[in-house]
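Colleague: Kindly return the folded structure for what I paste below:
(one chain, ligands or ions: 1)
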Amino acid sequence: MNLLLERKSIRRFTNKEITKEDITKMLKAAMQAPSAHNQQPWEFIVVDDRELLDKLSLASTGAWMLKNVNVAIVPLLLPTDKSPHFAIQDLSAATQNILLEATNLGIGSCWIGAYPLDERVKHIEKVLNITGNIHPFSMIALGYPKDSKETILRYDKSRIHYNKRGE
Ligand SMILES: Cc1cc2nc3c(=O)[nH]c(=O)nc-3n(C[C@H](O)[C@H](O)[C@H](O)COP(=O)(O)O)c2cc1C
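Modeller: Below is the predicted model of the structure:
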């Protein structure tokens, strides 16, 4: 539970580099995610090239923080025969696992949404040379947090129903 409460979207980072070992730990966490029929319809691009990160920061207004990171992970959604309809959920689980492992390592992260918004997806595909029926799902900005962020509890009893909703 602590990990869940500690995870917050971090958008301001120090210059401290993330080690390759820690990147691997986050990728291992990603690939440990559940997926429908265990199809694992994912690949990941680790972006640590300054020019590419700057270009990715222009994918949407919400991607600006990529200008201030040394590394980002871009999960890719691959075609899958068995459960294509669930691939978005598979990739969401993988993305969340990266955020949680980052938190576990003391690394700040921010999920930047891409798929299925055509403009963002096309921009990222062009920058990262992604072709065919493979698409960028999200972008995860990674770095050491510049300052701490307080935890705001969101538990809301009124959102919970037992058995049936309403009368
Ligand atoms: C699907 C998805 C897309 C998101 N896209 C962006 C984004 O483009 N830019 C951004 O700064 N934050 C983005 N976020 C982060 C949310 O703004 C953030 O999770 C939310 O405000 C709650 O704050 P917290 O993560 O600190 O708990 C996204 C989160 C999700 C789950």
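
Colleague: buried ones in the helix ranked longest in the chain?
Modeller: When the chain is parsed with DSSP state H, its longest helix is helix 87-104. By neighbour count on 16 or more other C-beta atoms under 10 Å, the buried set for helix 87-104 is 87, 90-104. Glycine gets a C-beta too; all of them are placed from N, C-alpha and C.

Colleague: What are the contacting residues of that helix?
Modeller: Contact with helix 87-104 is made by 3-4, 6-7, 25-36, 39-42, 73, 75, 77-78, 80, 83, 108-109, 111, 115-116, 137-138, 140, 142, as judged by C-beta atoms under 8 Å, 6 or more residues apart in numbering.

Colleague: Buried among these? Need that as a selection in PyMOL.
Modeller: Restricted to buried positions by 16+ other C-beta under 10 Å, the PyMOL selection for those reads:
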select buried, resi 7+25+26+27+29+30+33+35+36+39+40+41+42+73+75+77+78+80+108+109+111+115+137+138+140+142
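
Colleague: Do you have the strands of this structure handy? List them.
Modeller: With strands called from DSSP state E, the chain shows them at 42-47, 71-77, 108-113, 135-136, 138-143.

Colleague: right, so of the ones you listed, which gets closest to the ligand?
Modeller: Ranking the strands of the chain by proximity to the ligand (C-beta to the nearest ligand atom) places strand 108-113 first, at 3.0 Å.

Colleague: what residue ranges in the protein score low on pLDDT?
Modeller: Low-confidence segments of the chain (pLDDT under 70): 1, 167.

Colleague: roughly how far apart are residue 123 and the ligand?
Modeller: 13 Å (C-beta to the nearest ligand atom, to the nearest Å).

Colleague: how close does the residue nearest to that residue when sequence neighbours are not counted get to the ligand?
Modeller: Leaving aside its chain neighbours, residue 123 sits nearest to residue 59 (4.5 Å; criterion: C-beta to C-beta, 6 or more residues apart in numbering). Using C-beta to the nearest ligand atom, we find residue 59 at a distance of 9 Å from the ligand.

Colleague: Surely residue 59 is in contact with residue 113?
Modeller: No - here residue 59 lies out of contact with residue 113, judged by C-beta atoms under 8 Å, at a distance of 9.9 Å.
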